[in-house]
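Engineer: predicted model and sequence below, questions to follow.
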Amino acid sequence: MVKITAAEVNKLRQTTGAGMMDCKNALVEAEGDFDLAIEILRKKGQKVAAKRADRDSSEGAAIAKVNADNTTGVIISLNCETDFVAKNDTFVALANDLADLALNFDTKEEFLNADYKGNSVQDKLTEQTGVIGEKIEIGGFSKLSAPFVGSYIHAGNKIATLVGLSAAVEGADVAAKDVAMQAAAMNPVALNEEGVDQSIIDKEIEIAKDQLRQEGKPEAMLDNIAKGKLNRFFKDNTLVNQDFIKDSKQSVAQYVKSVDSKLEVTGFKRVALG
């Protein structure tokens with residue numbers, strides 16, 4: 001039997017995050033072969049993943065990252081099953097590591113196949129499923145590019161947002177963060193009226209008409225009144241038209257223009273857990 005040293009066990013633990021006994025048992029089974037021991041741990045993760053494939057993984061950490069010149073941002077959510085795991089420092093550190101890596105890729109598929117410390121991201125997730133004993137997966141993956149991109153992560157890593165601005169003017173960093181906080185808090189359905197899906201518009205008009213009929217309004221008046229209600233929906237539910245949460249006397253669009261008269265919000269992304 002090959003003698004397994006504490007240093008070898010610790011090295012495997014540092015590499016994989018697995019528990020001391022799991023690492024020791026894997027090294028014993030692999031007869032001291034480090035790479036084979038990693039493979040044994042991964043196969044254990046695959047077995048756990050298969051057993052927990054139908055589990056709900058609605059907890060986790062939503063992390064937003066922006067590149068050095070503030071022109072591209074990404075949000076990922078590293079999902080798990082329980083809030084206990086979601087709050088674990090090692091889990092949150094992994095989520096941050098993966099978010100840094102995700103900045104380099106345009107799609108979730110490319111990211112999952114990307115190299116992470118010698119293995120793919122997907123293999124790392126499978127490995128961690130075995131280590132933690134819960135379903136671990138990438139839930140959200142959203143990317144945004146603009147002349148200036150800012151981000152916000154709500155306390156507890158449950159909501160992360162990105163906001164794009166039309167120019168990197170003085171004060172853009174504060175404005176972008178303020179609007180990103182707005183998007184986190186108010187959960188707009190779109191950037192502006194043009195971005196609202198037609199199916200949502202049709203549904204809102206129908207709801208408004210049903211309410212008006214119940215109030216006894218004449219059928220001939222329904223279209224005009226419903227349009228007024230739709231405009232109210234746009235004001236409440238599109239980012240640039242919402243009342244700015246830090247000063248309800250102005251809209252988000254007006255707030256941004258107070259920073260610079262030509263400044264506009266060009267886009268946003270929002271990923272939420274739970």
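Structural biologist: Looks like it came in fine. Residues are numbered from 1 along each chain as shown.
Engineer: my guess is residue 161 contacts residue 176. True?
Structural biologist: No: contact criterion Cβ atoms under 8 Å: residue 161 and residue 176 do not qualify, at 9.9 Å. All C-beta atoms are positioned from the backbone trio N, CA, C, and that covers glycine.
Engineer: shared neighbours of these two, anything?
Structural biologist: residue 151 (Cβ atoms under 8 Å, 6 or more residues apart in numbering).
Engineer: for the stretch 1-150 of the chain, which spans come out with low pLDDT?
Structural biologist: 1, 46, 48-51, 53 (pLDDT under 70).
Engineer: strands of that one, residue ranges please.
Structural biologist: With DSSP state E, counting those that start in this stretch as the criterion, the stretch 1-150 of the chain has strands at 59-66, 72-80, 115-116, 119-120, 137-145, 148-153.
Engineer: closest to residue 267 out of the ones you listed?
Structural biologist: strand 137-145 (5.7 Å; Cβ to Cβ).
Engineer: sheet-wise, list the partners of the closest one with their directions.
Structural biologist: Here strand 137-145 is paired, per DSSP bridges, with strand 72-80 (antiparallel).
Engineer: distance from the chain centre to the strand it pairs with, please.
Structural biologist: 4 Å (Cα atoms, centre = their mean, to the nearest Å).
Engineer: cool, stretch 104-121 as well?
Structural biologist: Centre-to-centre, stretch 104-121 and its host chain are 16 Å apart (Cα atoms, centre = their mean).
Engineer: what's the end-to-end length of it?
Structural biologist: Using Cα to Cα, to the nearest Å, one end of stretch 104-121 lies 13 Å from the other.
Engineer: buried sites along it?
Structural biologist: By 16 or more other Cβ atoms under 10 Å, the buried positions in stretch 104-121 come out as 105, 108, 111, 112, 114, 116, 119, 121.
Engineer: I'd like the distance between the residue lying closest to the first one once chain neighbours are set aside and residue 83.
Structural biologist: Sequence neighbours aside, residue 111 is the residue nearest to residue 105 in space, at 4.2 Å (criterion: Cβ to Cβ, 6 or more residues apart in numbering). The spacing between residue 111 and residue 83, counted by Cβ to Cβ, to the nearest Å, is 25 Å.
Engineer: the strands of the stretch 1-150 of the chain: which one's closest to residue 253?
Structural biologist: Here strand 148-153 is closest among those (Cβ to Cβ), at 16.0 Å.
Engineer: that closest one pairs with which strands, parallel or anti?
Structural biologist: Strand 148-153 has its sheet partners listed here by DSSP bridges as strand 159-165 (antiparallel).
Engineer: can I have the strand it pairs with written out in PDB, keeping just the CAs?
Structural biologist: What follows is strand 159-165 as a C-alpha-only set of coordinates in PDB (Å, rounded to 0.1, in the frame of the first residue of the first chain):
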ATOM      1  CA  ILE A 159     -29.600  40.400  -6.900                       C
ATOM      2  CA  ALA A 160     -26.900  41.700  -9.300                       C
ATOM      3  CA  THR A 161     -27.300  44.300 -12.000                       C
ATOM      4  CA  LEU A 162     -25.400  46.000 -14.800                       C
ATOM      5  CA  VAL A 163     -26.200  49.400 -16.400                       C
ATOM      6  CA  GLY A 164     -24.800  50.800 -19.600                       C
ATOM      7  CA  LEU A 165     -24.400  54.500 -20.200                       C
END
